[in-house]
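J.: Here is a sequence with its predicted model. Questions after.
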Amino acid sequence: MAVAIIGAGQSKFGTRKDVNVAELAWEAVKPAMQSANVEQKDIDFMVVGTAGMWSSEAAVPALMYEYGKFEDVGSMRVEAACATGNAAIRVGYTAIESGEADVVLVLGVEKMQESPNPTVIELIGRFGSYFWEFENFGLTFPGYYALHATAYMAKYGATEEDFARVAVKNHHYGAKNPYAQFQREISLEKALNSPYVAWPFKLFDCSPITDGSAAVILASEEKVKEWGIEEKIWILGQGVGTGTANLSRRESFTSLRSAAYAAEVAYKKAGIDMDAPYKYLDGADVHDCFTAAEVIAYEDLRFAKRGEGVQLVREEQTYIGGRIPVNVDGGLKAKGHPIGATGVSQAVEAWKQLLSKAENGRQVDVKNGRYLAHNVGGTGHYSYVTIYGLEKR
Amino acid sequence: MDDLRKAAETNIKEYGFPVAIDEKSGALQWVDMRDLHLKYVISIENIQNFYEGLREGKLLATKCKKCGELFFPPQKDCPKCMDDDMEWVELKNEGVLETLTVIFVRPPSFASYDPYTVAIARLDDGVKITAWLKGDPQKVRPGQRVKVEVSKRKEGYLMYEIVPVEG
Ligand SMILES: [Zn+2]
């Protein structure tokens, strides 16, 4: 049974001291339901992606059931670190694919700033392997990815300036996205002169701590026909990979094996040629929690050969008009990274891009009718690659 | 957060509730009065030998008696043989540096340390190890020969460190 996204919405990302968790979530749920033209009684199942810990409410599905006045609906909470949002989509997608449900609300929400920054840093550090990495050696989250960045620099000759260019691009597009946390451009100089967080990463190589929500309504092919839905995109394929908890158990630090595997599975399901998948896509959202992670993603997704991802950056091939536009919503870097909402927000972006609803200056040319989302949890612990399309496969 | 807590305590008297105004947005916040302290107790019952080894200055790993696979971090079970017939073996404490980073922004629980270097090295037995790197991180590069040494943390208990080998 094919599965479509028939409605999408997201909140403004950023510091949202003006709303509580339920109010923030509703900012995404309301436009998702309105654009899908569905009511509470139409929803069979509700999946909520939220990593939590830093915010006060733990039982968010029930909180939203109550706040949104849903009735007779199954629900569950899903967690997969920073890939929580795509894990939630996975649950909704498979529920429909299996015939368990017809219409599913997928919500991703995170209110990270309910806790002070030092507490959040302490909690995120534990998304590696707690005992052997955090408890003993205080590896922070930027630190985990910095271990990849320095390995990539040593192997392929990339520089801190190359990585900074990724931030410049993502801020360029974030400035055009009214839902982004940072809506201002930055200069290469400014990025390079910001203080070190975990060498070689400086402040502008790192995604921020963010509050935000995103939601999509998934429906079966049958419902799409029954309701005569015209505005929709299809989930053409999704791959899920898992990595080791300890980085020391990985073969390589210049690739995330879980992501490369997830991409292979997704391309196969979507019928996309693995030699040059970018020729089948109009754009991609990739998991740029740190700038170097975006470069490594280019290679894991086969947008470039091994070691050549950095060339895409230097030649500006991931701007609109290049080989493949990447993160033209600002990415995690400028749009913000509310952990549970990020993966769902990528689906909202695919919806906007494929239906040509993106804001001025950041709409890609829709020629192939396909968009890719790459969402990584932990340090490659969980990887999701999802391909969306205008035409059903 | 401490400022917010203070403001809330004052405001209980003035307004009757633990509330405070967020400085940047001006939005009214309820300051949670319930503290949560987390501290875990983790079993090392089945890897005691690893810590005994460190006390003698040795770095130990588990090795499956059936298939010979080495496990570091040490683990109790061999998932390949579905067996737990393991022996403890001493690792070669020399190897090659694979990657490193310097942590400038530290978690509060590591705030008493200066910026520290975390490295991953591949030991000559083939297993990899994550640990702090001793010395100037600017003087080493991936590919550099290193050794692993048992040392003492400033809290007084033992740990292991990756140390560049001169020359
Ligand atoms: Zn074995």
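T.: Done, it's in.

J.: Can you classify A:Ala8 by secondary structure?
T.: Here A:Ala8 is recorded as strand under DSSP: H, G, I helix; E, B strand; the rest coil.

J.: Distance of it relative to A:Gly85?
T.: A:Ala8 sits 13 Å away from A:Gly85, going by CB to CB, to the nearest Å. Bear in mind the C-beta positions are built from the backbone N, C-alpha and C, glycine included.

J.: Quick check: neighbours shared by the two?
T.: In terms of CB atoms under 8 Å, 6 or more residues apart in numbering or on different chains, A:Ala8 and A:Gly85 are both contacted by the residues A:Ala214, A:Ala347.

J.: the more surrounded of the two?
T.: A:Gly85 (35 against 27; other CB atoms under 10 Å in any protein chain shown).

J.: Looks to me like that one is in a helix.
T.: Yes - the assignment for A:Gly85 (three-state DSSP) places it in a helix.

J.: Skip the chain neighbours and tell me the closest residue to it.
T.: In space, and not counting its chain neighbours, A:Gly85 is closest to A:Gly343: 2.5 Å by CB to CB, 6 or more residues apart in numbering or on different chains.

J.: before we move on, what about A:Asp365?
T.: Among residues not flanking A:Asp365 along the chain, A:Asp282 sits closest, at 6.6 Å (CB to CB, 6+ apart).

J.: Also A:Lys69?
T.: Of all residues not flanking A:Lys69 in the chain, A:Gln40 sits nearest, at 5.9 Å (CB to CB, 6+ apart).

J.: Phi, psi for A:Pro277 please.
T.: Main-chain torsions, A:Pro277, degrees, to the nearest 10: phi -60, psi -30.

J.: For it, list the residues it contacts.
T.: Applying CB under 8 Å, 6+ apart to A:Pro277 gives the contacts A:Ala263, A:Tyr267, A:Leu301, A:Arg302, A:Phe303, A:Leu372.

J.: Packing partners of the worst-scoring helix or strand of chain B on mean pLDDT?
T.: Least confident helix or strand, chain B: helix B:2-15 with a mean of 89, by mean pLDDT, DSSP states H and E. Using 3 or more CB pairs under 8 Å, 6 or more residues apart in numbering or on different chains; DSSP states H and E, the elements in contact with helix B:2-15 are strand B:19-21.

J.: Please report how far A:Gly92 lies from A:Ala58.
T.: Using CB to CB, which is the criterion applied here, A:Gly92 is 21 Å from A:Ala58.

J.: Which one of the two is surrounded by more residues?
T.: The neighbour count for A:Gly92 versus A:Ala58, taken as other CB under 10 Å, is higher for A:Gly92 (29 against 11).

J.: Distance from the host helix or strand of that one to the middle of the chain?
T.: Using DSSP states H and E, A:Gly92 sits in helix A:84-97. Distance of helix A:84-97 from the chain centroid (CA atoms, centre = their mean, to the nearest Å) equals 14 Å.

J.: per-residue confidence averaged over that helix?
T.: What helix A:84-97 shows for mean pLDDT is 98.

J.: thinking A:Leu372 is in contact with A:Asp285, fair?
T.: Yes - A:Leu372 is within contact range of A:Asp285, at 7.4 Å (criterion: CB atoms under 8 Å).

J.: and for the two, which residues touch both?
T.: A:Ala350.

J.: Which residue is the nearest non-sequential neighbour of residue 11?
T.: In the absence of a named chain, chain A is used. Nearest non-adjacent residue to A:Ser11, counting by CB to CB, 6+ apart: A:Glu27, 3.7 Å away.

J.: meant chain B, my bad for not saying
T.: The shortest distance from B:Asn11 to any non-neighbouring residue, by CB to CB, 6+ apart, is to B:Val19 (5.2 Å).

J.: and that neighbour, bridged to which residues?
T.: B:Trp30 (DSSP bridges).

J.: Check the gap between it and A:Asn20 for me.
T.: Counting by CB to CB, the separation of B:Val19 from A:Asn20 is 13 Å.

J.: Likewise for B:Glu155?
T.: 40 Å.

J.: Neighbour count: the two, which is higher?
T.: Comparing B:Glu155 with A:Asn20 by neighbour count (other CB under 10 Å), the higher total belongs to A:Asn20, at 19 against 7.

J.: Map the structural domains onto the sequence of chain B.
T.: Listed domain ranges for chain B are B:1-30, B:40-91, B:93-166 (source: the TED database).

J.: Out of these, which is the most enclosed?
T.: When the domains of chain B are scored by mean count of other CB atoms under 10 Å in any protein chain shown, the highest mean neighbour count falls to domain B:93-166 (a mean of 17).

J.: Relative to the whole chain's centre, how far out is that domain?
T.: For domain B:93-166, the distance to the chain centre is 11 Å (CA atoms, centre = their mean).

J.: That domain near chain A anywhere?
T.: Yes - with CB under 8 Å from any CB of the partner chain as the criterion, chain A is reached by domain B:93-166 at B:98-110, B:113, B:116, B:118, B:120, B:127-132, B:137, B:141-143, B:159.

J.: what subset of the residues you listed is also close to the ion?
T.: With the criterion set as CB under 5 Å from the ion, no member of these is near the ion.

J.: Just those residues: which are in strands?
T.: Members of these lying in strands (criterion: DSSP state E): B:98-103, B:116, B:118, B:120, B:128-132, B:159.

J.: SS state for A:Thr318?
T.: Here A:Thr318 is recorded as coil under three-state DSSP.

J.: show me what contacts it?
T.: A:Lys169, A:Tyr298, A:Phe303, A:Leu312, A:Ile324, A:Pro325, A:Val326, A:Asn327.

J.: State the pair within those that is farthest apart.
T.: Spatial extent of the contacts of A:Thr318 (CB to CB) is set by the pair A:Lys169 and A:Phe303 at 14.1 Å.

J.: neighbour-wise, which of those two wins?
T.: Between A:Lys169 and A:Phe303, counted using other CB under 10 Å, the more crowded position is A:Lys169 (27 against 24).

J.: ok now whichever strand or helix holds that one, how far from the chain's centre?
T.: In the assignment (DSSP H and E), A:Lys169 maps to helix A:160-174. Centroid displacement of helix A:160-174 relative to its chain, using CA atoms, centre = their mean, is 17 Å.

J.: Does the next helix-or-strand element following that helix pack against any helices or strands, and if so which?
T.: Using DSSP H and E, the helix or strand that follows helix A:160-174 towards the C-terminus is helix A:188-192. Helices and strands touching helix A:188-192, by 3+ CB pairs under 8 Å, 6+ apart, are helix A:160-174.

J.: Other residues contacting the helix it packs on?
T.: Around helix A:160-174, the neighbours that count as contacts under CB under 8 Å, 6+ apart are A:149, A:153, A:180-188, A:191-192, A:200-202, A:204-205, A:288, A:291-292, A:294-295, A:310, A:313-314, A:316, A:318-319, A:326-331, A:333-335, A:361-362.
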